[in-house]
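Asks: Generate a structure from the sequence data that follows.
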Amino acid sequence: AYAVIKRAAKAGYVSGALIQLLAGLAYTDGPFAKPSKEMLPRLLAGGQINSHIYSSLGNQALMAGDVDAAVQHLKMALAQDPGDPSIQNNLALAYIRQSPENAVTAYKLCNQALETVPGHPDALSTRAEIQMARKRWAEARIDLETALPSRPRCETVRGLLVRLYTELNETGLAEEHRKVLEAI
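Replies: Numbering: from 1, shown residues only. Below you'll find the model as predicted:
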């Protein structure tokens, strides 16, 4: 698969799917991690779809738990595509996971995303995570309970609900969500 990606990149066929594959490979422990990491800067130097490259790198870093790299890449992506709600949401998530001190900035970014895509369950769960960091349990509850019907098998939503209900001393609800989370 890596050989196909490499040939496609050399031929100038740079697509979003190619970028996502490279970014995904760059954050693995496999043999193609290093060559993928080396290829991405070459693609960035080409200047074709840099916001997508930065966004993909940021998302992969976020999933790998490297929030500092996620913030760095997603800030670059947002600078190039400031109206993209997906980038706004993911940067908000990276900011709040980086530090609770980023809550105000994260909240503003998340709300910008929700202005573009009202009621989007991913943005609602991000805003709930931000609200939980701010100890605003009622607001977090509303967002999570609104997101749940659209994402009933989402580990993030279920995990946040477990934390929320545990914090609110609603142990029965916390336990039910924990059971669903374990089944997922």
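
Asks: List the contacts of stretch 170-181.
Replies: Taking contacts as C-beta atoms under 8 Å, 6 or more residues apart in numbering, the residues outside stretch 170-181 that touch it are 152, 155, 158, 159, 161, 162, 164, 165, 166. C-beta: built from backbone N, CA, C; applies to glycine.

Asks: Format these as JSON lines; extra columns: secondary structure, pLDDT and distance to residue 132.
Replies: Below are the contacts of stretch 170-181 laid out as JSON lines (DSSP: H, G, I helix; E, B strand; the rest coil; pLDDT from 0 to 100; distance: C-beta to C-beta, whole Å):
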{"residue": "152", "secondary structure": "coil", "pLDDT": "95", "distance to residue 132": "20"}
{"residue": "155", "secondary structure": "helix", "pLDDT": "95", "distance to residue 132": "16"}
{"residue": "158", "secondary structure": "helix", "pLDDT": "97", "distance to residue 132": "14"}
{"residue": "159", "secondary structure": "helix", "pLDDT": "97", "distance to residue 132": "11"}
{"residue": "161", "secondary structure": "helix", "pLDDT": "98", "distance to residue 132": "10"}
{"residue": "162", "secondary structure": "helix", "pLDDT": "97", "distance to residue 132": "11"}
{"residue": "164", "secondary structure": "helix", "pLDDT": "98", "distance to residue 132": "6"}
{"residue": "165", "secondary structure": "helix", "pLDDT": "98", "distance to residue 132": "11"}
{"residue": "166", "secondary structure": "helix", "pLDDT": "97", "distance to residue 132": "11"}
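
Asks: By neighbour count, which of those wins?
Replies: Most neighbours among those, by other C-beta atoms under 10 Å: residue 161, with 27 neighbours.

Asks: so what's it closest to, chain neighbours aside?
Replies: residue 177 (4.3 Å; C-beta to C-beta, 6 or more residues apart in numbering).
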